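Student: Mind looking at a prediction? Sequence and model below.
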Amino acid sequence: MVLTVTLNPLLEHRLYFKDVKIKTVNRSYRESFSAGGKGINVSRQLNKIDIKNQAATFIGGNNGKLFRSILASEGIDLIPVSSKYDLRNASLIINETENSITTFFSPDKEIPEDESADLMNKLDKMIQNCSTVVFSGSSPSQFTDIIFSYGIELANKYDKISILDTYGQPLLKSIDASPTILHNTKLEIESSLNISLSDENRIREYLNTLYKKGIKLAFITDGGNPVYASKFDFHYKCKPPEVSVIDATGSGDSFTAGLAYGMEHSLVFEDFFKLAVALASANASKWETSAVTLEDADKLIPLITIEPIGKKMKILDDSPTI
């Protein structure tokens, strides 16, 4: 079973318009509410590809009540951590004429020290009861910044697979804890670590740095540009298939879910790498967030090739999975 951990959940209010005019009244023809946050998106995607999972996150206020009911309607198994603060929210304006989405976020909710400690206390048992744990998304306060690194240490202690997909201070603090798998966008790495990944050589140097810190698998995505990856000290490059992009929100989370799928099914590296890329690409071609089926992904997998770069293994698939 996969456990996802989300520190900064989000209630999304989507308003759909045929067209949007500036400086005048606009009336939507449809609205919907959805549950967001990167780890929640991972759980939604895992449900779509039939991987049993649980989602741990903070829940509070009236927004939290609606958020909880949405997760229940989607069949997402929630492990709530009570918060005295209302859940943050966002309004998404969907302009179908321009095929665009504009998002307005409320301020992050400052999770206090006692609530952060409550989640950390619960993580010990939760991680013991899972096979793979995904730490995903942003951190809303200084007290939550240490939760991911603490959870990774627990995962290593109990010999569980950990997947990290975060940025900012949690990324800085968590890399040294040695997650099993790391996934980031190129921009997240450059802005969080103040380094440049402007060419392939610099990307490979960074991947080597991660390997020296004990990170077995690493993936760097960059929209429709090539994905770079490392398996131990071997490096690979993959060009995503071309799709008609509608909304790329959640594509990174679908990618992360593909990695978790590979771990749960003990797939070889090339197979789950291709699946992760296919899930991310298919997600970008949909309005829905992280709701790609395996059938959607299977249509794209034949279009994906993985190219070894630098030192090469004799056979890409012959080494055991983690």
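Tutor: Noted; the coordinates are in hand.
Student: for this protein, what spans make up the helices?
Tutor: Using DSSP state H, the helices of the chain run over 38-48, 61-74, 113-128, 147-157, 169-175, 186-193, 200-212, 251-264, 269-284, 294-300.
Student: wait, which of the ones you listed is closest to residue 233?
Tutor: helix 200-212 (5.1 Å; Cβ to Cβ). The C-beta positions use only the backbone N, C-alpha and C, and glycine is treated the same way.
Student: So for the closest one, what gets flagged as buried?
Tutor: In terms of neighbour count (16 or more other Cβ atoms under 10 Å), helix 200-212 has its buried residues at 203, 204, 206, 207, 210, 211.
Student: distance of the fifth one from residue 176?
Tutor: So the one you mean is residue 210. Look at residue 210 and residue 176: by Cβ to Cβ, to the nearest Å, they are 11 Å apart.
Student: In this structure residue 280 contacts residue 249, no?
Tutor: No: counting by Cβ atoms under 8 Å, residue 280 does not reach residue 249; the two are 11.4 Å apart.
Student: quick one: which of these two has more around it?
Tutor: Taking other Cβ atoms under 10 Å, residue 280 and residue 249 do not tie; residue 280 has more neighbours (29 against 20).
Student: Just the pLDDT at the more buried one, thanks.
Tutor: Looking at residue 280, its pLDDT is 97.
Student: Equivalent analysis for residue 37, please.
Tutor: For residue 37, the model assigns a pLDDT of 95.
Student: which ones are touching it?
Tutor: By Cβ atoms under 8 Å, 6 or more residues apart in numbering, the residues touching residue 37 are 6, 8, 9, 10, 57, 137.
Student: Mind checking which of these land in strands?
Tutor: If you go by DSSP state E, those have 6, 10, 57 in strands.
Student: Could you measure from the last one over to residue 262?
Tutor: This points to residue 57. Distance of residue 57 to residue 262, given as Cβ to Cβ: 24 Å.
Student: quick one, which of those two is more surrounded?
Tutor: The neighbour comparison of residue 57 against residue 262 (other Cβ under 10 Å) goes to residue 57, with 28 against 24.
Student: Apart from its neighbours in sequence, what residue is nearest the residue sitting nearest the centre point of the chain?
Tutor: Taking Cα atoms, centre = their mean, the centroid of the chain lies closest to residue 253, which sits 3.1 Å from it. Closest residue to residue 253 apart from its sequence neighbours, by Cβ to Cβ, 6 or more residues apart in numbering: residue 41 at 3.6 Å.
Student: for the one you found, what are its contacts?
Tutor: Contacts of residue 41 (Cβ under 8 Å, 6+ apart): 136, 250, 253, 254, 289, 290.
Student: Please identify the buried residues of the helix or strand of the chain with the lowest mean pLDDT?
Tutor: Within the chain, confidence by mean pLDDT, DSSP states H and E is lowest for strand 100-105 among all helices and strands, at a mean of 90. Going by neighbour count (16+ other Cβ under 10 Å), nothing in strand 100-105 comes out as buried.
Student: again with stretch 90-100
Tutor: Under the neighbour-count criterion of 16+ other Cβ under 10 Å, stretch 90-100 has 92, 93, 94, 95 buried.
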